[in-house]
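>>> Okay, here's the prediction I keep looking at, along with the sequence it came from:
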Amino acid sequence: MLQRASPPLKIRPDCSSCHDLNELSGPHTMSFLRPKFITFDCYGTLTNFHMGTMTRELFADRVPAEQMDQFVKDFSAYRLDQVMGDWMPYDEILKVALARTCKRWNVEYREEGQLYYDAVPTWGPHADVPAGLAKIADKIPLVIFSNASDSQIMSNVEKLGAPFHKVFTADQAKVYKPRLAAFEFMLDNLGCGPEDILHVSSSFRYDLFSAHDMKIRNKAFVARGHEQPANSFYEYHQIPDIGGLAGLVGL
């Protein structure tokens, strides 16, 4: 059992109108899902995560335009690698990952990591999110687990336009996704099993591969374009945006 760092942020009363999940026959079944909770990744899935755009602006004077796509990809890879180790605050994750990227590229690191951290809470949702969440928010409790700090996340959540039952962070769990312990923390605090949730993310690497390993059968991949669809072995539903969730749960 994980040591609890702090109680989860709770901003909506418990819902008494929850349903059990239907059994699924595969990733493309037409059966409606009936989760007790719909759990979300936040950054990239709900919040429009401008990390790539910001990187292109900050490093335009050091990285040639024709090489910028690869620089952005490398920074993304180092962020993922950094969260796989021992927990450290999110601002340190960004700073170390960016410094490692600059070292690999032999370009000057000017302590820009803090600029990213300060910008994250100002970022709002993808355009489809408020309306998509509004279709389901009063029917099924919505939950977030975000690789964020407590000091950041509520600024982003407040911009999503829907009430959330609970908001969990890596800051509370002292572990980041895609570590399985992050999902264990969320399930333990919800008091439910992997069969009771529908997990929604635009990332296989941070969320959906781990969700599969945690035996979370009901998964929705939001095709935002920053990751490609995975093999059907992982049993997931693909939707173009958050508006597609209502159809999955029969609303």
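Right, received. Where do you want to start? Quick caveat, the model's predicted, so the values are computed rather than measured.

>>> From Asp207, how far out is the closest residue to Trp87 other than its chain neighbours?
Once flanking residues are discounted, Trp87 sits nearest to Lys174: 4.6 Å by C-beta to C-beta, 6 or more residues apart in numbering. All C-beta atoms are positioned from the backbone trio N, CA, C, and that covers glycine. For Lys174, the distance to Asp207 equals 18 Å [C-beta to C-beta, to the nearest Å].

>>> isn't Leu142 right next to Pro163, touching?
Yes: counting by C-beta atoms under 8 Å, Leu142 touches Pro163, with 7.3 Å between them.

>>> Neighbour count: the two, which is higher?
Neighbour totals were compared for Leu142 and Pro163, and Leu142 leads with 26 against 15 (other C-beta atoms under 10 Å).

>>> which residue packs closest to that one, ignoring adjacent ones?
Phe164 (4.9 Å).

>>> Now Glu108. Nearest residue, chain neighbours left out?
Arg62 (6.3 Å).

>>> For this structure, which residues score under the pLDDT cut-off?
Under the criterion of pLDDT under 70, the regions of the chain flagged as low confidence span 1-30.

>>> hang on, the earlier thing: neighbour count winner among Lys174 and Asp207?
Legend: neighbour count by other C-beta under 10 Å for Lys174 and Asp207, higher for Asp207 (28 against 18).

>>> For that one, give its distance to Asp196.
Distance, Asp207 to Asp196, by C-beta to C-beta: 17 Å.
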